[in-house]
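Trainee: got a predicted model here, sequence first, then my questions.
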Amino acid sequence: MLCLVAARAADGGTAVLADLLETTRLATGLRDGGALDPDARDRTLRAVGAFAERARGLGARDVVGIGTAALRAAADGPAFARAITAETGVRVSVLSGLEEAHLAYAAVARGAAGPLLAVDVGGRSTELVLGDGTRIDDARSLPLGALALTEETASASEALAGARGRVARVLAAQDLPARARARGARLVASGGTATALAALDLGLATYDRERVHGHVLDTERLVPIALAGAAGGGAVLDAGRRRILPAGAVILEAVARAAGAACVAVSDRGIRHARADELLAAVGTP
């Protein structure tokens, strides 16, 4: 779970005051139409409360939340969103898959030119968006996620083979990567999988968004980097991210290969940044 505290800058842009992370694994054990795990609900509720307190302490006048795949899939997702609002005062809206995809593209495409394929690997879904500059041509939300894939395998030894098989089956029905390849689109990845891989590749002891943003990863090194990090080779990862990173890397690797991308550019900007841009655009003064 991520928290962005931002303000409208004097030049009309977005100034980041804080960018926080806590891995609550809200989608733990979740199946479509099932209920959220009670412990995961509690972890997430506590984290939202702590994030909201931090944001208000930094002067935030409006604290809002956006729910993604876990709240879309869970039968009690809307009820949990309401419970968050009641407990913390944070108004939560649940995004559709396409809304999430559009925000993911807007986040990475700011100032971009030329064909672009944006990919955002999440816990339960992966968003793929093909466009040109800031124009979106097509968007898909795929039933692939780092946490979901990790939970589908019975043991660590089965994880890579199981994840690769599942990803291959889903991507076989998608033409977006092939269309991106035909157009020579650049591949830009956002989300926790991509930023964690970049941090590991850079050898960071603590996360540094300035160094992560724009870092380029070799497609052939994505899974080896993830496996090294999962084995304890990266102090920058928390236990939750370390566990699910190999599956996330498999998804990103498969998309990159299908799109003919020898490398992946990493964006530290994600859907939270795009949503903040939208909200702050309506603010009249810095």
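Mentor: Received the coordinates, thanks. Numbers count the residues shown, from 1 in each chain.

Trainee: using CSV, list the CA coordinates for stretch 95-104.
Mentor: The C-alpha trace of stretch 95-104 is given here as CSV (Å, rounded to 0.1, in the frame of the first residue of the first chain):
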residue,chain,number,x,y,z
LEU,A,95,-11.3,2.0,-9.6
SER,A,96,-12.3,-0.2,-12.5
GLY,A,97,-9.5,-2.1,-14.3
LEU,A,98,-9.6,0.4,-17.2
GLU,A,99,-9.6,3.4,-14.9
GLU,A,100,-6.6,2.0,-13.2
ALA,A,101,-4.9,1.4,-16.5
HIS,A,102,-5.6,4.9,-17.7
LEU,A,103,-4.1,6.4,-14.5
ALA,A,104,-1.0,4.1,-14.8
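
Trainee: pull out the buried positions in that stretch.
Mentor: 95, 97, 99, 100, 101, 102, 103, 104 (16 or more other C-beta atoms under 10 Å). All C-beta atoms are positioned from the backbone trio N, CA, C, and that covers glycine.

Trainee: buried stuff in the one helix or strand residue 139 maps to?
Mentor: In the assignment (DSSP states H and E), residue 139 maps to strand 135-142. Of all the residues in strand 135-142, those buried under the rule 16+ other C-beta under 10 Å are 136, 137, 139, 140, 141, 142.

Trainee: and the gap between the fifth one and residue 72?
Mentor: In this structure, residue 141 and residue 72 are separated by 9 Å, where distance is defined by C-beta to C-beta, to the nearest Å.

Trainee: the stretch 151-286 of the chain: helices as residue ranges?
Mentor: 156-172, 176-183, 192-201, 209-212, 222-228, 239-258, 271-281 (DSSP state H, counting those that start in this stretch).

Trainee: which one, of those, ends up nearest to residue 129?
Mentor: Across those, residue 129 has its closest neighbour in helix 176-183 (8.3 Å, C-beta to C-beta).

Trainee: and the closest one, what does it pack onto?
Mentor: Counting contacts by 3 or more C-beta pairs under 8 Å, 6 or more residues apart in numbering; DSSP states H and E, helix 176-183 is packed against strand 115-121, strand 126-132, strand 135-142, helix 239-258.

Trainee: residue 127 versus the nearest residue to residue 43 once chain neighbours are set aside, what's the distance?
Mentor: Nearest residue to residue 43, sequence neighbours excluded (C-beta to C-beta, 6 or more residues apart in numbering): residue 24, at 4.2 Å. To residue 127, residue 24 is 20 Å away according to C-beta to C-beta.
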